[in-house]
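J.: Pasting a predicted model and its sequence here:
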Amino acid sequence: MNTHQQSDRSAASSRALELVIAGLIFIFGAAVVFDSWRLGARWGDDGPESGYFPFYLGLLILVSSGIVFYRGLGDKKLAAKSFVSVAQLKLVLLVLAPSVIYVGLIQGAGIYLASMVFIGFFMMWLGKYGIVKTLVVSVGVMVAFFLVFEVWFKVPLPKGPIEVLLGLA
């Protein structure tokens, strides 16, 4: 099997993803039903209790996702249909993995430093830009964001050790 055929093979069928999503939505509906029952899902002396309407919405979610799950189990067309190929999934993960790391970096490094690294990484890695252009754009964008959010709109964003050292935190 050559590389092109390997990258064209299916990573997940439409049926598999439909069953997984229906299951996740069912769990969400069960949580709504459970918590609504805990709050009170009956009709009280003075009208509906606080969980009354959410309880029935949760039941509707449970029934709907159950129907989708049941129909998905027997659908042979969905089982044969590819939802995403290995090559497509790799492209998604090429962007998703650095994005998850970026979100994790915000807590420790602050949003400005994490964003500079994020922009610079994508410019150099995917855009193939040089270091000078990458530094100018990533630093320039963050300086502009700092001015807009911190100075003009007075909206404090998460700061890190660099901002503390510069006296900006």
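T.: Cool, the structure landed. Residues are numbered from 1 along each chain as shown.
J.: Spell out, range by range, the helices that occur in the chain.
T.: Counting by DSSP state H, the chain has helices at residues 3-8, 14-39, 52-74, 76-80, 86-109, 111-125, 131-146, 161-165.
J.: The ones you listed: lowest mean pLDDT?
T.: Lowest mean pLDDT within those: helix 3-8, at a mean of 60.
J.: looking at the helices of the chain, which is buried most?
T.: Stretch with highest mean neighbour count among the helices of the chain: helix 111-125 (a mean of 19; mean count of other Cβ atoms under 10 Å). Yep, even glycine has a C-beta here, placed from its N, CA and C like the rest.
J.: got the contact list for it?
T.: 98-99, 102, 105-106, 109, 129, 131, 133-135, 137-139, 141-142, 145-146, 157-160, 162-163 (Cβ atoms under 8 Å, 6 or more residues apart in numbering).
J.: do that again at 10 Å, thanks
T.: Helix 111-125 is touched from outside by 94-95, 98-99, 101-110, 127, 129-131, 133-135, 137-143, 145-146, 149-150, 157-163, 168, with contacts defined as Cβ atoms under 10 Å, 6 or more residues apart in numbering.
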